[in-house]
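Enquirer: Got a predicted structure here, sequence first:
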Amino acid sequence: MDLKAYQALETMQERAKYLLQQEITTMIDIVDLTPVARACIGKIQLPIVGAAGETDEQVIAKAKAWLQETAGGEA
C-alpha cells in the first residue's frame with residue numbers, strides 16, 4: 001500500500017475505494033482479554049474486529065462489506 005497516495009485522497013469514499021484494491025488480512029488483537037481477529041491492510045489496522053470464534057475469512061468479509069458501504073456501494 002502506498003501511504004502517500006492514500007493520504008492524498010480527500011474523501012472517505014475515495015479512501016475506501018483505494019483500500020478495496022488492497023489485500024485485507026487479519027492479525028490477532030485483544031478485546032476484553034479475549035483474542036480476536038482484527039482486519040488490517042499491511043500494518044494499518046481497520047476498525048473491524050471479529051467476535052470470539054469468528055474465522056479470519058468472516059472478519060475479512062465484514063471488512064470488505066464495510067469498505068464497500070463506505071465507498072458508496074461500489075466494489
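Expert: All right, it came through fine. Numbering: from 1, shown residues only.

Enquirer: What segments of the chain are strands?
Expert: Remark: strands assigned in the chain by DSSP state E are 25-31, 34-41, 44-49.

Enquirer: ranking the ones you listed by burial, who's on top?
Expert: Scoring the strands of the chain by mean neighbour count under mean count of other CB atoms under 10 Å gives strand 34-41 as the most buried, with a mean of 18. Glycine gets a C-beta too; all of them are placed from N, C-alpha and C.

Enquirer: Can you tell me the strand partners of it and which way each runs?
Expert: The strands beside strand 34-41 in its sheet (DSSP bridges) come out as strand 25-31 (antiparallel), strand 44-49 (antiparallel).

Enquirer: what's the distance between the longest one and the middle of its chain?
Expert: I take that to be strand 25-31. 11 Å (CA atoms, centre = their mean, to the nearest Å).

Enquirer: Report the rounded mean pLDDT for it.
Expert: The pLDDT scores in strand 25-31 average 94.

Enquirer: Just the residues contacting it, thanks.
Expert: With contact meaning CB atoms under 8 Å, 6 or more residues apart in numbering, strand 25-31 is reached by 35-41, 45, 49-50, 56, 59-60.

Enquirer: Now the helix or strand of the chain with the lowest mean pLDDT: buried residues?
Expert: Every helix and strand in the chain was compared by mean pLDDT, DSSP states H and E; the lowest is helix 3-8, with a mean of 90. When burial is assessed from 16 or more other CB atoms under 10 Å, helix 3-8 yields no buried residues.

Enquirer: Likewise for stretch 61-75?
Expert: Neighbour-count burial for stretch 61-75, counted by 16+ other CB under 10 Å, picks out 62-64, 66-67, 70-71.

Enquirer: Then stretch 4-24?
Expert: 15-20, 24.
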